[in-house]
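K.L.:
What follows is a predicted protein model with its sequence.
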Amino acid sequence: MSTVSISHAPHLSTLYSQHHGWLYGWLRGKLGNAGDAADLAQDTFVRLMGKREAAPLREPRGYLATIARGLLIDRYRRQALEQAYLEALARQPEPHTISAETQAIIIETLLAVDRLLERLGTRTRAVFLLAQIEELSYVEISARLGVSLPTVKKHLVRAYTECLVLAAT
């Protein structure tokens, strides 16, 4: 069992040289694409470089795989959002020409909203979506979810606060 500390560049270099090939192969098996596997392997080590913790790694491959899995999930989520956006765009009555830059901004915004919704928690997310998507009143949301009116208000305040934080960044 090798132990590697990620607090200093020499340790990261050792971690990279000892485990990059394995990680690349593991990702290639998951993705079936050498280029994407190479990109995600690099992204994994870039993510690792941003960590400030100095705790030794008892299972470096497990740790790397955990980071890589998170990046894979982000990648699949981004692809799903992009696909949904492109499908919605294709359903528009008149073809709209949107620049690649505008598309990238829209997709990044959708990803930010998706991350925000994930952070809200189940009930807050449900209250927020009922208010915003279904345009239900506080009373209707209260009845649908079987919660009190003050609870609905509390959850909406939390959701709107998160939206303001997102808008400020």
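P.N.:
Sure, I can see it.

K.L.:
Next, the buried residues of the helix or strand encompassing Ala84.
P.N.:
Taking DSSP states H and E as the definition, Ala84 sits inside helix 60-90. Neighbour-count burial for helix 60-90, counted by 16 or more other C-beta atoms under 10 Å, picks out Pro60, Tyr63, Leu64, Ala65, Ile67, Ala68, Leu71, Leu72, Leu81, Glu82. Every C-beta, even on glycine, is put in place using the N, C-alpha and C of the backbone.

K.L.:
What lies in contact with the helix or strand following it?
P.N.:
Under the assignment DSSP H and E, the closest C-terminal helix or strand after helix 60-90 is helix 100-120. Defining contact as C-beta atoms under 8 Å, 6 or more residues apart in numbering, one finds that helix 100-120 is touched by 77-78, 81-82, 85, 98, 125, 128-129, 158-159, 162-163, 166.

K.L.:
Using a markdown table, lay out those residues together with distance to His11.
P.N.:
Conversion of these to a markdown table gives the following (distance: C-beta to C-beta, whole Å):
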| residue | distance to His11 |
| --- | --- |
| Arg77 | 31 |
| Arg78 | 31 |
| Leu81 | 36 |
| Glu82 | 36 |
| Tyr85 | 41 |
| Ile98 | 45 |
| Arg125 | 40 |
| Phe128 | 43 |
| Leu129 | 45 |
| Arg158 | 40 |
| Ala159 | 42 |
| Glu162 | 37 |
| Cys163 | 40 |
| Leu166 | 35 |
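
K.L.:
Of those, which is the nearest to Ala41?
P.N.:
The shortest gap between Ala41 and any of the contacts of helix 100-120 belongs to Arg78, at 17.6 Å (C-beta to C-beta).

K.L.:
how many neighbours does the closest residue to that closest one other than its chain neighbours have?
P.N.:
Closest residue to Arg78 apart from its sequence neighbours, by C-beta to C-beta, 6 or more residues apart in numbering: Leu111 at 6.1 Å. Counted by other C-beta atoms under 10 Å, the residues lying close to Leu111 total 15.

K.L.:
do the same with Leu23
P.N.:
Count around Leu23 with other C-beta under 10 Å applied: 22.

K.L.:
Same check on Ile133?
P.N.:
Number of residues near Ile133 (other C-beta under 10 Å) recorded here: 8.

K.L.:
Then Ser17?
P.N.:
Burial measure for Ser17: 9 neighbouring residues, criterion other C-beta under 10 Å.
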